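1. got a predicted model here, sequence first, then my questions.
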Amino acid sequence: MSHQESGNTEEASVTVNYDTRIIIHNLTARRIGIKKNKSIDCNESQIRKDDLGLFVLPPFGKGTFKSEELDYESWQQLNLIRIEKLPKEDESSSEALYFAFGASIIILIIAAILRAVGSFFGYFNKPDFWLNVWGIIALIVVLSILYKLKKEIKERFIDGLKNIRQWGALVLSLILILAIGVGLPALVIFFFGGGKDLLTQTTAVPSPDMLGRGMQFVFIATVSLLPALMYFLFTHQKLGTLQVSFFREIVQLDPRVITLEDARSLYEDKVRSVYGAEESSSSRLYGVQSPIFVATLIITVGWILTLHPFGDISRAGDFFMPSPTPIVFGFLGAYFFGLNMLFRRYARVDLRPKAYSHITVRILMVIILVWVLSEIPMIKGNNSVLLPLAFMIGIFPATAIAIIQEYLQTVIKNRFYIKEEKTLEKLDGINFYQRTQLVEEGVENIENLANYDLIDLMLQTRIPVPCLVDWVDQAILYLHLDGSEDIREGLRAYGIRTATDLIRAYEVANKRGDGRGNILLEQLEEKIEKKTGTKDIGAINRFKVILDTLEDDEWMAYIKHWRDTRHTNEIFTIGHFKNELRPMSFINVPSSENSQLSPTPPA
């Protein structure tokens, strides 16, 4: 039995009153036009006259109308739309309110009669008689309202139980974080910074040392806790929206996927492995996360070593003067980088414990590099050079590697360079923080980017998909040009930056007729020959060969599909989809050991 049939069986077993209005959800990335039912006069405000009697829905859009107005059965059979029936108002709830109103009127009438008869015979003359009557009426009204809201009350009660557990985990985590960020500097100041003596002094006016130590403590606690507090301020309430956005982008990217349901069937397991189940997202967020605790501990120790809140203070300004040592300045550079990275991820809804693990590793790595650099004779003991250099190494650790390689080459007279030619810096639009994020996922150069699982990058980095697609598009062309900067610059003179740019320029030129596509390739070849000073002696144009080989690239079909579906204004009818869903030829699908994709197109 199909999913749709089972759904109908379940609906038949439960009696639910539905309105005649329905909501149609467009599950595709295209503008669809559903024909109106000829036997019914549709609402003219909903029918576009210039669309030949079609009800038009935007990509992933929805519309509300009466169920008999449109002929949508064929769309529903192909799983291109989803129908949502609007339930009628619960009649039992309305009856409860009517009962409360009627019962209140009857009680008032009976009370008035009893009061009148009782006053003649001397009964029902107590002062609180009417107070009791109104109390009974209020009780009936309250019970009726509770009956009407019984579903909402039940749902809120269940949500309340979940929130108690989540808030309990949140409070526990915050206590542990505060114990590190506040408790550690407080203990250092109390036992080693004269805090105990300052608190026990008997003078009426607090000393400047007490004020300085207090401000120093507040500063250290604030900067130590700030990265962790950003995580607790961050919320996964947008998780559901992120998942819907991901599935919509998959429909636009994957050539095998036509509807949102197809995307969910192919990628739902992969999404759950990264985001987790939507209902458990909050508990995962507020659970105890060891990378955050470790990062907070390392940062707190770093700031204690930086501001030195122990020992004697010679002047008030020393409370906020960092210790002039290479380790301290290296830590400051790493903290500067980490704070910027966390804020960018916070703004992009990508703040996860993995980011805090990166900060911890960076701080430890910077300390080791600074130790090594401090022993190089040319900069050893020269703080005017070593301190700012250590700060820059905290931001760009590769700087230290380059300096060490240069030094070893001059001393040992041997090449110690590990030169990376196809670095990500050569692609347009990738900044330092985005490169760092890609490196975290194992994408260290252009070749890695061109062959990495694009779907995994979408999930793991949450970098905007148009940016990822453009970078992979550039990387594919870069590899096919063998990294030649001269050829890339020659193509850029014609506005060709990516592989799809080259393909589209050739296809559009061919559509003009008279072999203009080949003429374009010859002109490109001549431009490159003039720029490089070399002549291609082959009988076949190099760009023609590149165009042929591009079609075989792993992710080319995905990128071309993304480019095509992003710029169409055509209205698709059911006939378009029936032709598209006929038995299709094989589509080149990239393989990945972590991928859960199936080479079979979705039905």
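-> Happy to help now that I have it. Predicted model only: the values in this text are computed from it and were never measured.
2. from here on, just use CA atoms for contacts and neighbour counts.
-> Will do.
3. just checking, Thr461 touches Val349?
-> No. Between Thr461 and Val349 there is no contact under CA atoms under 8 Å: 10.2 Å.
4. which parts of the stretch 1-150 of the chain are strands?
-> Secondary structure of the stretch 1-150 of the chain, counting by DSSP state E, counting those that start in this stretch: strands at 18-26, 31-35, 54-57, 62-66, 81-87.
5. nearest to Glu249, of those strands?
-> strand 18-26 (14.4 Å; CA to CA).
6. any chance you could list what contacts the closest one?
-> Identification of contacts with strand 18-26 by CA atoms under 8 Å, 6 or more residues apart in numbering yields 32, 57-68, 80-88.
7. please redo it, this time with the cut-off set to 7 Å
-> Contacts to strand 18-26, defined as CA atoms under 7 Å, 6 or more residues apart in numbering, come from residues 57, 59-67, 80-88.
8. quick one: buried ones out of those?
-> 57, 60-62, 67, 80-83, 85 (16 or more other CA atoms under 10 Å).
9. so which of the residues you listed comes closest to Phe396?
-> Nearest member of these to Phe396, counting by CA to CA, is Phe60, at 42.9 Å.
10. quick one: that closest one from Thr259, how far?
-> Between Phe60 and Thr259 the distance is 9 Å, computed by CA to CA, to the nearest Å.
11. need the residues touching each of those two.
-> Common neighbours of Phe60 and Thr259 (CA under 7 Å, 6+ apart) are 27-28.
12. by mean pLDDT, which helix or strand of the chain comes out lowest?
-> Here the helix or strand of the chain ranked lowest by mean pLDDT, DSSP states H and E is helix 3-13, holding a mean of 41.
13. save the strands of the stretch 1-150 of the chain as JSON lines, and put in distance to Thr500 too.
-> Output for those, formatted as JSON lines (distance: least, CA to CA, whole Å):
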{"stretch": "strand 18-26", "distance to Thr500": "29"}
{"stretch": "strand 31-35", "distance to Thr500": "24"}
{"stretch": "strand 54-57", "distance to Thr500": "29"}
{"stretch": "strand 62-66", "distance to Thr500": "32"}
{"stretch": "strand 81-87", "distance to Thr500": "31"}
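14. between those strands, which gets nearest to Phe572?
-> Taking CA to CA, strand 31-35 is the member of these nearest to Phe572, at 4.6 Å.
15. let me see the mean pLDDT of that closest one.
-> The predicted model assigns strand 31-35 a mean pLDDT of 83.
16. same deal with stretch 137-146?
-> On average, stretch 137-146 scores 76.
17. what residues sit buried inside it?
-> 137, 140-141, 144-145.
18. distance of Tyr231 relative to Pro291?
-> From Tyr231 over to Pro291 (counting by CA to CA), the distance is 11 Å.
19. likewise Leu477?
-> 39 Å.
20. secondary structure class for Asp197?
-> helix (DSSP: H, G, I helix; E, B strand; the rest coil).
21. contacting residues for it?
-> No contacts exist for Asp197 under CA under 7 Å, 6+ apart.
22. all helices of the stretch 1-150 of the chain, in order?
-> 3-13, 73-77, 91-121, 129-148, 150-178 (DSSP state H, counting those that start in this stretch).
23. in PDB, list the C-alpha atoms belonging to stretch 300-314.
-> Written as PDB, here are the backbone C-alpha positions of stretch 300-314 (Å, rounded to 0.1, in the frame of the first residue of the first chain):
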ATOM      1  CA  THR A 300      40.400  32.300  31.700                       C
ATOM      2  CA  VAL A 301      43.900  31.100  32.300                       C
ATOM      3  CA  GLY A 302      45.100  33.100  29.400                       C
ATOM      4  CA  TRP A 303      43.600  36.300  30.700                       C
ATOM      5  CA  ILE A 304      44.900  35.700  34.200                       C
ATOM      6  CA  LEU A 305      48.400  35.400  32.700                       C
ATOM      7  CA  THR A 306      47.800  38.500  30.500                       C
ATOM      8  CA  LEU A 307      46.700  40.900  33.300                       C
ATOM      9  CA  HIS A 308      48.600  39.300  36.100                       C
ATOM     10  CA  PRO A 309      46.100  39.800  38.900                       C
ATOM     11  CA  PHE A 310      48.600  38.800  41.600                       C
ATOM     12  CA  GLY A 311      51.700  40.200  43.200                       C
ATOM     13  CA  ASP A 312      52.400  43.900  44.000                       C
ATOM     14  CA  ILE A 313      51.000  46.800  41.900                       C
ATOM     15  CA  SER A 314      53.300  49.800  41.500                       C
END
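24. what about Asn431, distance to Val443?
-> 14 Å.
25. wait, His576
-> 39 Å.
26. settle it for me: which of the two has more neighbours?
-> Val443 (19 against 11; other CA atoms under 10 Å).
27. how about the more buried one, secondary structure?
-> Going by three-state DSSP: Val443 is coil.
28. contacting residues for it?
-> Val443 sits in contact with Leu449, where contact means CA under 7 Å, 6+ apart.
29. over to it: give its phi and psi.
-> Dihedral angles of Val443 (phi, psi; degrees, to the nearest 10) stand at phi -100, psi 100.
30. same check on Ser374?
-> Dihedral angles (degrees, to the nearest 10) for Ser374: phi -60, psi -10.
31. now it: how far from Phe391?
-> 13 Å.
32. now Ser144
-> 69 Å.
33. count of neighbours near Asp514?
-> 10.
34. oops, could you answer that again for Arg492 instead?
-> Neighbour tally, Arg492, other CA under 10 Å: 12.
35. so what does it have for phi and psi?
-> phi -60, psi -30.
36. can you pull the poorly scored residue ranges out of the stretch 451-600 of the chain?
-> 531-540, 565-569, 581-600 (pLDDT under 70).
37. in it, which spans are helices?
-> Under DSSP H, counting those that start in this stretch, the stretch 451-600 of the chain gives helices at 454-461, 465-480, 485-492, 499-511, 516-532, 542-550, 556-565, 574-580.
38. and the fifth one, what does it pack onto?
-> Packed against helix 516-532 by the contact rule (3 or more CA pairs under 7 Å, 6 or more residues apart in numbering; DSSP states H and E) you find helix 485-492, helix 499-511.
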